[in-house]
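Enquirer: Sequence plus the predicted model coming up.
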Amino acid sequence: QVQLVESGGGLAQAGDSLRLSCAASGRTSSPLTMGWFRQAPGEEREFVAGIPSSTSATFYADSVRGRFTISRDNAKNTVHLQMNSLRPEDTAVYYCAAVSGVGPINNPARYDYWGQGTQVTVSS
């Protein structure tokens, strides 16, 4: 089992920046693909960014590419999501997710482990 704990959410104004962190614990000896997803009220959970277990490549949803940056610190079993130039439409609960190995990184159904979520609210 892998436990994920997110932190760093909160209130922001349009144009501001926030940094989310996700700390993994438990069975972290196996390489993990890490992803960030978000879910707004009444909407489906959507992919935001991901970083595979096997490479340093990063992947982003079109809506956040150029504004958000995902990174990982393997020594600390932590993944971060730096969110710049925030917009009101970025308002959502943000979830960290993990799965062993590689695969379709933007599909929430393939992830085995999820954090509890952290709220991000961006006002105009």
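Expert: Looks like it arrived, so ask away.

Enquirer: Quickly note the distance from the residue nearest the centre of the chain to Ser17.
Expert: If you average the C-alpha coordinates of the chain and look for the closest C-alpha using C-alpha atoms, centre = their mean, you land on Trp36, 2.1 Å from that point. For Trp36, the distance to Ser17 equals 15 Å [C-beta to C-beta, to the nearest Å]. C-betas here are computed from N, CA, C, even on glycine.

Enquirer: what sits against Gly26?
Expert: Residues near Gly26 by C-beta atoms under 8 Å, 6 or more residues apart in numbering: Gln1, Val2, Gln3.

Enquirer: who wins for most neighbours among those?
Expert: Of all the contacts of Gly26, the most densely surrounded is Val2 (18 neighbours; neighbours counted as other C-beta atoms under 10 Å).

Enquirer: ok so, going back, chain neighbours aside, what residue packs nearest to the residue nearest to the centre of the chain?
Expert: Ranked by C-beta to C-beta, 6 or more residues apart in numbering and with sequence neighbours excluded, the top spatial neighbour of Trp36 is Val48, at 4.3 Å.

Enquirer: tell me the strands in the chain, going along the chain?
Expert: 2-7, 10-13, 18-26, 32-39, 46-51, 59-60, 68-73, 78-83, 92-100, 113-114, 118-123 (DSSP state E).

Enquirer: Now the third one: buried residues?
Expert: Spelled out, that is strand 18-26. Leu18, Leu20, Ser21, Cys22, Ala23, Ala24 (16 or more other C-beta atoms under 10 Å).

Enquirer: shouldn't Ser21 be in contact with Met34?
Expert: No. Counting by C-beta atoms under 8 Å, Ser21 stays clear of Met34, with 11.5 Å between them.
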